[in-house]
Structure formats: C-alpha cells, structure tokens
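Novice: Provide a 3D model corresponding to the input given below.
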Amino acid sequence: MIHKRLSLFISANFQARLTRIGLNSARRYSTSDPSKNDTIGFIGIGLMGFRMANNLYSKSNYPLIIYDINKSNLEKFTSLHSATISKKPIYYGISPADVAKRASVVITMLPSSPEVKDVYLGKDGLIEGLNEQNFFIDSSTIDQSVSKNVALQIINKGARQVDAPVSGGVVGAEAATLTFMVGASTEADFLRSKPYLEYMGKNIVRCGGLGTGQIAKICNNMLLAISMIGVSEAMNLGIKLGMDPQLLANIFNTSTGRCWSSDTYNPCPGIMPNVPSSNDYEGGFGNALVAKDLRLAVNAANEIQATVILGAIAQQIYNSLSKTPGYEKKDFGSIYKWLNERSGNEKN
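Specialist: As a prediction, this is how the structure comes out:
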C-alpha cells in the first residue's frame, strides 16, 4: 500500500512541541475544531505541495488540515507558522479519509498515478470519507485516463472534482505565480476551484472537461524538456567555442532563441542566482519526475499515433539522466552538466 497511516503515537518531543504551539493531535476531534465548510485540506506536503500549501494558508482565512506520509514535512510546515497557528489552526489528518471528513475542499499534490489512485480510492482513501459537501482539486501530473477515471468515481459518490496540474516549478510555487490547467466537467466546478487556486497561482485556465488539464500539462512539459535540452546544448557549445556564459545567455534572452529555460531557469551555473543550477541542481523539478511526465506524453502519443520525434528523444535522454548515479534527484537543468561531462569538460 503506497500511503500509510501516520503513527498513532507521536514522539514525546514532537507531542510536546504541538502542545506548545497550540496544536491538538489531528487524531482527536475537539469542540474547537472549525466546521467542515470552514476548513481546507491539503494532501502531499512535498517539494511543490509545501510551497503551495504555504501560500494557501498564508493568504486565506481558512484553517488547514494537512496530511503527508512524511511526518517531518508536517512538523516543518507547522513550525513555519507557529506565530499564527493559535488564531488560524493547522490540524493533522490521520488518513485521506479523515481529511475528507473534516474539510469540504481538499487539494492534492502527489507524485504519480499510483499515489493518486491510492489516496483517492484506496483503503482509508478520500472516497471513504466524502459526502456531497466535498470538492476535490487534484494538482498532480498523472495519466489523463487515470485522472478522469478517479474523478468520475468520486463524482459518482456524490462529491465534485477537477484536475488542476500546475506549471511554474518550485520558483512559481514559492512566488504563487503558478499556472493551473483545469479540467472540469462543468463551468460551475471550474468557478468553484478558482478562488482557492488563486491563492497559489497567477494564471487559472479552464482547458475543457475532466482530464484536459492533464493533457495540457503533459504537452507543456514535453515542450519544456525539449527546450531545456536545447538551451543546455547551445550554452555548452557557445562556451566551449569561447563565449562568455553570461553574455551568451543575455544574447539568447534578447533574440529568437529566448524561452523560459533560458531567461527564467537557465541551466548554466552562475547565470541566475536563485535557480537550482546555481545550487548544484538541488531542489527544483527532479529528473525522475521529468522522465515520468515524458513517458506520459509519449505513451499518449503512441495511443493516438501522433508523431513526437523530439519528445521521444527527450524521453530517452531523461530516462538515462534519471538513472545516472548522482543525478537521480537532481533538478532537470542538470542535463547541462550531464552533457558537459559527456563532452569531456567539467569546467562549467
């Protein structure tokens, strides 16, 4: 089973910390708990989810109930908000079902299709705790058919759901400038999701019916991976031919080669101070996740016999990169370093 219940017994030190900052263990219902309609749930407090939930909590007036299989993520999140937690509580869910019972709106940010199926449909999943009040927003990037199937099962149980994958990466999640690509079966569902998404993003776009958000996302990420490879190759080539890296990047960004991978997330170390390439490619959009998204895109293309030559090549490259020792968890801009090493020069 992919998701597991949080331990019923929190360590003495951790429990003491919760007591000091005014948190009840989320296992226990108390008379001070807000009503279901006044609470937002967030499941998946990982690299992206942490930042998204942070903006949601900081900008809204809603109490928050959070769930993640990694207990340290929960502690880190509550510690960040210790100054406001007495006035705007943060609760812990013991399972996705518990979150659904205690929050009317639940947002999920999960790594892949198996986790989404388990959290929504598995034992102690959201489907076991929902009622007609519940509204679910899944911001995971997963297979379009899985997304649609999960949503239909939730809707058939009386709740509502949209898919709303994101673009903008960790930088966008931190700054609340994400683009949300929303697949909703009705305009009313889209409009219901929008106020919550606006706490975390800048551009909220309805792509069509259920699953269309996932279609837009895999197409975008296929293009993103291709452009990152292209920028990395071009930067490597220009530098090896004698160009100054900063000057070359500036020329790209005022010329026809300009793109997000060059002007916002340049993969060459030292060009931009606040992106993973200048932090040894730590954090950011992991190579394994890029490889996963490319597999989704190429599989979808194969199913409908669409030609994606560069997409298929990008998939092969990122599959190799994500399996290279030392690169598995690095940001996808590390393709620059990987290519550089294969040309026999690790200087840049």
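Novice: next SSE downstream of the lengthiest strand in the chain?
Specialist: Secondary structure of the chain read by DSSP state E shows that its longest strand is strand 201-208. For strand 201-208, the following helix or strand on the C-terminal side (DSSP states H and E) is helix 212-240.
Novice: and that next one, what's its mean pLDDT?
Specialist: Average pLDDT, helix 212-240: 97.
Novice: mind listing what's buried in that helix?
Specialist: 212-232, 235-236, 238-239 (16 or more other C-beta atoms under 10 Å). C-betas here are computed from N, CA, C, even on glycine.
Novice: so the residue positioned nearest the centre of the chain, which state does it fall into?
Specialist: Per C-alpha atoms, centre = their mean, the C-alpha nearest to the average position across the chain is that of residue 48, at 4.3 Å. Here residue 48 is helix, with the state taken from DSSP: H, G, I helix; E, B strand; the rest coil.
Novice: the nearest residue to it once chain neighbours are set aside sits in which helix or strand?
Specialist: Spatially, and ignoring its direct neighbours in sequence, residue 48 is nearest to residue 173 (5.0 Å; C-beta to C-beta, 6 or more residues apart in numbering). Assigned by DSSP H and E, residue 173 falls within helix 169-175.
Novice: can I get that helix in PDB? Just the C-alpha atoms.
Specialist: Coordinates of the C-alpha atoms in helix 169-175 are reproduced here as PDB (Å, rounded to 0.1, in the frame of the first residue of the first chain):
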ATOM      1  CA  GLY A 169       8.000  24.700 -10.900                       C
ATOM      2  CA  VAL A 170       9.400  25.400  -7.400                       C
ATOM      3  CA  VAL A 171      10.100  29.000  -8.200                       C
ATOM      4  CA  GLY A 172       6.500  29.600  -9.200                       C
ATOM      5  CA  ALA A 173       5.100  27.600  -6.300                       C
ATOM      6  CA  GLU A 174       7.200  29.800  -3.900                       C
ATOM      7  CA  ALA A 175       6.100  33.000  -5.500                       C
END
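Novice: buried residues in the helix or strand following it?
Specialist: Per DSSP H and E, the first helix or strand lying C-terminal to helix 169-175 is strand 178-183. Applying a neighbour-count criterion of 16+ other C-beta under 10 Å, one finds 178-183 buried in strand 178-183.
Novice: next one: stretch 241-255
Specialist: 245, 248-249, 252.
Novice: pipe the residues you listed into JSON lines and attach pLDDT per row.
Specialist: What follows is the buried residues of stretch 241-255, written out as JSON lines (pLDDT from 0 to 100):
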{"residue": "245", "pLDDT": "97"}
{"residue": "248", "pLDDT": "98"}
{"residue": "249", "pLDDT": "97"}
{"residue": "252", "pLDDT": "97"}
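Novice: list just the nearest of those residues to residue 42.
Specialist: Nearest to residue 42 among these is residue 249, at 36.4 Å by C-beta to C-beta.
Novice: contacts for the stretch of helix or strand the closest one belongs to, please.
Specialist: Assessed by DSSP H and E, residue 249 sits inside helix 245-252. For helix 245-252, contacts defined as C-beta atoms under 8 Å, 6 or more residues apart in numbering pick out 231, 234-235, 238-239, 258, 262-263, 266, 268, 270-271, 348.
Novice: give me that answer again for 6 Å
Specialist: 238-239, 258, 262, 266, 268, 271 (C-beta atoms under 6 Å, 6 or more residues apart in numbering).
Novice: am I right that residue 162 is in a strand?
Specialist: Yes - Residue 162: assigned to a strand according to three-state DSSP.
Novice: use 2 as the first number for this chain going forward.
Specialist: Okay, using 2 as the starting number, the last item reads as residue 163.
Novice: what's the neighbour count on the closest residue to it other than its chain neighbours?
Specialist: Leaving aside its chain neighbours, residue 163 sits nearest to residue 185 (4.3 Å; criterion: C-beta to C-beta, 6+ apart). Residue 185 has 26 neighbours, counted by other C-beta atoms under 10 Å.
Novice: domain parsing for the protein?
Specialist: 13-211, 217-343 (automatic domain parsing).
Novice: how close does the residue nearest to residue 163 get to residue 156?
Specialist: Applying C-beta to C-beta, to the nearest Å, the value for residue 185 to residue 156 is 11 Å.
Novice: also residue 51?
Specialist: Counting by C-beta to C-beta, the gap from residue 51 to residue 156 is 29 Å.
Novice: give me the more crowded residue out of those two.
Specialist: Neighbours per residue, other C-beta under 10 Å: of residue 51 and residue 156, the larger number sits with residue 51, 22 against 15.
Novice: tell me the buried residues in the one helix or strand residue 315 maps to?
Specialist: Assigned by DSSP H and E, residue 315 belongs to helix 310-323. For helix 310-323, burial by neighbour count (16+ other C-beta under 10 Å) applies to 312-313, 315-316, 318-320, 322-323.
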